[in-house]
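Novice: Compute the structure for the input listed below.
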Amino acid sequence: WTGLQSDFKIHDDATESSHPKRTFLDELYDLLEPFQDTQLDSGQARLILAINLGTLNNFLVDDNGRRFSCLGDYVKRKRIFEIGMIVDNMFDSDSSFQHVNFCDHNLFVLSPDGPKSTLIEDAIKNVVNPSNDNPFYKAYEKHKKNHPANCPVHYNFELLQSPEIRSQISDLLIECIVRNHLIISIRALYNFIYDLIVPVDLSSISCDEAIKRIENYSEDDFLKAIIPNYIFDHPELSSIFAQLQAFDPATKRSAELDNCVIELMVSADKEAIFTRYLPLEKVGKVFHSALKKLKDEKDSVIVSTFIRSAFFWEGQVRFGLHDDLYHNFMRSLYGWYSGDTRSLKPVYKLIQHTITNWFGMCPDGHINLEVGRQQLKYRISEVVQTLPAPLPALKSSDDDIKRFQLYLPLCFRNDGKTITLDTNYRLFDLACKMKEGYCPTRKDHGDFVHFSKFIESVSEVGEARECIHFSEANGKRYVLELDTFGDFCFKVVQI
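Specialist: Numbers count the residues shown, from 1 in each chain. Sure thing, here's the model as predicted:
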């Protein structure tokens with residue numbers, strides 16, 4: 001790093017301006033002056049520039065090839081703006097420009113055992129690592145000497161020292177990223193870790209005030225402030241917490257979990273049930289003590305605490321909360337990026353079914369047409385054959401895939417024309433629901449505009465102008481088609 005600082009000029013914010021009357025574009029023109037077309041061969045300047053794609057695009061559009069056409073050509077040749085492409089960032093000895101693109105790097109990797117993130121787990125571990133070299137740990141030890149035993153800050157700090165808990169939190173964040181395209185910056189991640197450790201009611205008061213408040217904590221207050229409950233109950237803290245609320249295991253049900261909850265509710269010794277699933281050495285004496293003293297009228301707290309705690313320590317599989325749909329998508333994603341094209345075969349079949357039924361149930365090989373006013377008596381459709389045309393599989397020499405996009409690139413062929421569709425988790429989820437009989441609503445059509453446009457592209461190369469099919473609820477079917485002389489013919493289809 002010292003060598004880089006001495007050999008290169010480093011500019012880490014391409015959107016900044018050093019003067020209120022100058023824009024960031026003015027700054028970039030001055031900064032990149034040694035790299036304009038007329039000076040590339042003679043210049044000796046070396047620059048490392050951190051720039052986002054939007055700013056780079058704005059700069060090249062503003063220049064319009066007048067002074068920086070070589071830079072523009074390099075960007076096009078390296079396909080830097082093609083977000084969906086996984087392009088090698090290899091050193092190009094013949095170029096004055098080099099780049100590293102982080103758009104296809106994620107906070108986690110794809111592995112044969114599912115997605116995992118050493119980055120997220122290590123970030124948490126570094127905060128709670130029991131080492132004298134760790135300032136956070138030294139602060140925790142000092143804090144512990146002056147605060148009551150039921151301090152949730154201590155409990156949460158110690159809880160995050162468990163690899164099991166760190167892994168579960170990491171899995172939850174990965175699921176938020178995949179399902180909802182949540183963007184988590186490193187700063188947001190560390191803010192999240194702080195918010196996990198320090199409950200919001202203790203974060204903005206002095207130590208003396210915090211000690212008094214904790215001393216007055218009820219068992220209910222303590223249980224609500226520890227991570228298994230707290231992580232799902234505070235969507236107001238950040239976008240991460242807001243997303244996590246949707247994954248609250250206390251809102252889910254399964255036969256296995258219901259049996260455990262019923263047993264817990266009818267048992268006279270609730271602590272024994274907790275101990276069976278959550279051993280003392282895992283959850284700690286303070287946790288068990290709070291449960292033991294909790295009043296019977298707090299059954300809702302007991303149940304939610306049991307479900308959430310069991311989720312973190314026992315995992316999802318034991319209580320039937322394992323989401324097969326999500327894990328199937330991640331397996332397909334890993335299969336594609338590891339070079340297994342056949343792993344996409346079930347996804348192709350699923351999307352073909354979705355294409356056929358996007359505008360209502362339809363025979364295989366047909367697509368219903370929207371003709372303006374809703375048709376109550378007839379369904380109007382056209383014949384469209386969408387055949388899978390898989391792209392060449394990507395191959396990785398590593399078991400863990402580090403560079404990938406969060407969608408499956410599907411490709412279909414229709415009447416000789418190839419049409420592509422990027423299938424993310426949300427579309428995959430909707431397609432699975434439709435396979436089970438769900439009918440998409442107007443809201444779905446609005447939320448999945450890219451899929452509706454894909455359907456339009458498919459329809460454009462169908463035979464809509466030459467042959468239209470009509471069907472009634474009573475089973476009668478008709479065809480309106482052009483004959484060889486260009487005249488329309490209306491036929492009744494014999495069933």
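Novice: so what's the residue nearest to residue 111 when sequence neighbours are not counted up against?
Specialist: Spatial nearest neighbour of residue 111, chain neighbours left out: residue 400 (4.9 Å); criterion: C-beta to C-beta, 6 or more residues apart in numbering. For the C-beta atoms, the positions are set from N, CA and C on the backbone; glycine is no exception. When contacts are counted by C-beta atoms under 8 Å, 6 or more residues apart in numbering, residue 400 touches 109-111, 116.
Novice: Kindly recompute the last result at 10 Å.
Specialist: For residue 400, the contacting residues are 108-113, 115-116, 118, 334, 338, by C-beta atoms under 10 Å, 6 or more residues apart in numbering.
Novice: And for residue 276?
Specialist: 260, 263.
Novice: That one is in what secondary structure piece?
Specialist: Here residue 276, judged by DSSP states H and E, is contained in helix 270-277.
Novice: Could you pull out the buried residues of that helix?
Specialist: Residues of helix 270-277 classed as buried by neighbour count (16 or more other C-beta atoms under 10 Å): 270, 273-274, 277.
Novice: cool, stretch 418-432 as well?
Specialist: 419, 421, 423-428, 430-432.
Novice: Tell me which of those residues has the lowest pLDDT.
Specialist: Lowest pLDDT within the buried residues of stretch 418-432 is found at residue 419 (87).
Novice: Bridged to residue 49, which residues?
Specialist: For residue 49, the beta-bridge partners are residue 11 (DSSP bridges).
Novice: I'd say it and residue 12 touch.
Specialist: Yes - with contacts counted by C-beta atoms under 10 Å, residue 49 reaches residue 12, the gap being 8.3 Å.
Novice: returning to that earlier point: counting only strands, which of the buried residues of stretch 418-432 make the cut?
Specialist: Counting by DSSP state E, the part of those found in strands is 419, 421, 423-424.
Novice: Which parts of the stretch 301-450 of the chain are strands?
Specialist: Here the stretch 301-450 of the chain has its strands, by DSSP state E, counting those that start in this stretch, at 366-368, 378-383, 387-388, 401-403, 407-414, 417-424.
Novice: before we move on, what about the stretch 1-150 of the chain?
Specialist: Here the stretch 1-150 of the chain has its strands, by DSSP E, counting those that start in this stretch, at 9-11, 47-49, 105-110.
Novice: list the buried ones in the last one?
Specialist: When you say that, I think you mean strand 105-110. So, applying 16+ other C-beta under 10 Å, buried residues of strand 105-110: 106-110.
Novice: Sort out which one of those lies nearest residue 132 for me.
Specialist: Closest approach to residue 132 among those (C-beta to C-beta): residue 107, at 29.2 Å.
Novice: Name the spans of the stretch 301-450 of the chain whose pLDDT lies under the cut-off.
Specialist: 315-320, 363-365, 370-378, 381 (pLDDT under 70).
Novice: would you list every one of the helices in the stretch 51-200 of the chain?
Specialist: In the stretch 51-200 of the chain, the segments counted as helices under DSSP state H, counting those that start in this stretch are 53-63, 69-77, 118-128, 135-146, 152-159, 163-180, 186-197, 200-203.
Novice: Could you provide the strands of the stretch 301-450 of the chain in JSON lines, with additional columns for distance to residue 230?
Specialist: Formatted as JSON lines, those follow (distance: least, C-beta to C-beta, whole Å):
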{"stretch": "strand 366-368", "distance to residue 230": "48"}
{"stretch": "strand 378-383", "distance to residue 230": "52"}
{"stretch": "strand 387-388", "distance to residue 230": "46"}
{"stretch": "strand 401-403", "distance to residue 230": "32"}
{"stretch": "strand 407-414", "distance to residue 230": "33"}
{"stretch": "strand 417-424", "distance to residue 230": "30"}
